[in-house]
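**Student:** My questions are about this predicted structure, shown below with the sequence.
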Amino acid sequence: MTQRIVILPTDWQYGERLIPLARAASAQHELWRWLTEIALIVDDVAADERSWLGICDRTELNLYCHEDLFLRDSAASLTMRPASLPWELGERRDPDPVTPAAFSARKAERYLHHQFLAVKDILAGVVRPEEVPRKLAESYQEAWAVTVDGRLRRAAMPGHPVAERRRRFFRTFSVTGMLLPQHWDIFHTLWECNKPTHELLLELAEALPGL
């Protein structure tokens, strides 16, 4: 199946560098089996490290993401804070001159492989996010993310290392109190899980501190 990779806006300065990385990552995860088009919509307004995705007719993927996810850390600093309202953003400044070195292929590959394996999980029916109770949605998503990076690392594909995923896990679940040894046991179960299922993720999400 022929697959089209699109970067929007079309004049984004790093689009030509991102397309081949996206094409390679898609091929490694065999997304061509389902998707005829992948659109990466790069947004430089929402100051949030999370992404949003939409799958149309199970053949077209729209992935909305912040441009800092593809830039070197020295050139970008995403902060975990509430998103600003439109009238709080202030006047837009003219963009700085293009600096090719600011693009980080390493960060881009980590991001693409993580998102594309997660999309594959959805398309293959491994996970069913639409069936997750709202109160468990964030816990389920974080548990799922741990399995994604664990599988990527064991497959020698770009992904977040265990230390970084542990920090994210701690940051997510420590807001409601102290993480106990049994919670870290769940983390390691998720990290080592080669074949996650929707039912397992729900069960473990319920055993984690409530969010």
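**Tutor:** Noted; the coordinates are in hand.

**Student:** Walk me through the domains of the chain.
**Tutor:** Per the record, the chain has its domains at 4-115, 125-207, by automatic domain parsing.

**Student:** Where does the prediction get shaky in this protein?
**Tutor:** 44-49, 74-101, 211 (pLDDT under 70).

**Student:** one more time with 80, if that's ok
**Tutor:** Regions of the chain meeting the criterion pLDDT under 80 cover residues 1, 44-50, 74-101, 176-177, 211.

**Student:** Show me the strands in this protein, by range?
**Tutor:** Remark: strands assigned in the chain by DSSP state E are 4-8, 37-43, 52-56, 60-66.

**Student:** Turn these into TSV, including mean neighbour count.
**Tutor:** C-betas here are computed from N, CA, C, even on glycine. Supplementary listing: the strands of the chain in TSV, determined by neighbours: other Cβ atoms under 10 Å:
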stretch	mean neighbour count
strand 4-8	15
strand 37-43	19
strand 52-56	13
strand 60-66	19
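
**Student:** Looking at those strands, spot the one closest to residue 127.
**Tutor:** If you check each of the strands of the chain against residue 127 by Cβ to Cβ, strand 52-56 wins as the nearest, at 12.6 Å.

**Student:** How about the contacts made by the residue nearest the centre of the chain?
**Tutor:** In the chain, the C-alpha closest to the average C-alpha coordinate belongs to residue 115, at a distance of 4.5 Å (Cα atoms, centre = their mean). Each residue near residue 115 by Cβ atoms under 8 Å, 6 or more residues apart in numbering is listed here: 51, 53, 63, 65.

**Student:** how about these, which pair is most distant?
**Tutor:** Comparing every pair within the contacts of residue 115 by Cβ to Cβ identifies 53 and 65 as the most remote, at 9.0 Å.

**Student:** Run through the residues that contact residue 42.
**Tutor:** Applying Cβ under 8 Å, 6+ apart, one finds that residue 42 lies in contact with 7, 8, 9, 12, 15, 65, 66, 67, 70.

**Student:** how about the helices in this protein?
**Tutor:** If you assign secondary structure with DSSP state H, the helices in the chain sit at 15-28, 105-123, 137-154, 162-173, 181-191, 198-207.

**Student:** now those in CSV, with distance to residue 37?
**Tutor:** Below are the helices of the chain laid out as CSV (distance: least, Cβ to Cβ, whole Å):
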stretch, distance to residue 37
helix 15-28, 11
helix 105-123, 13
helix 137-154, 22
helix 162-173, 30
helix 181-191, 31
helix 198-207, 26
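
**Student:** Distance of residue 56 relative to residue 33?
**Tutor:** Distance of residue 56 to residue 33, given as Cβ to Cβ, to the nearest Å: 16 Å.
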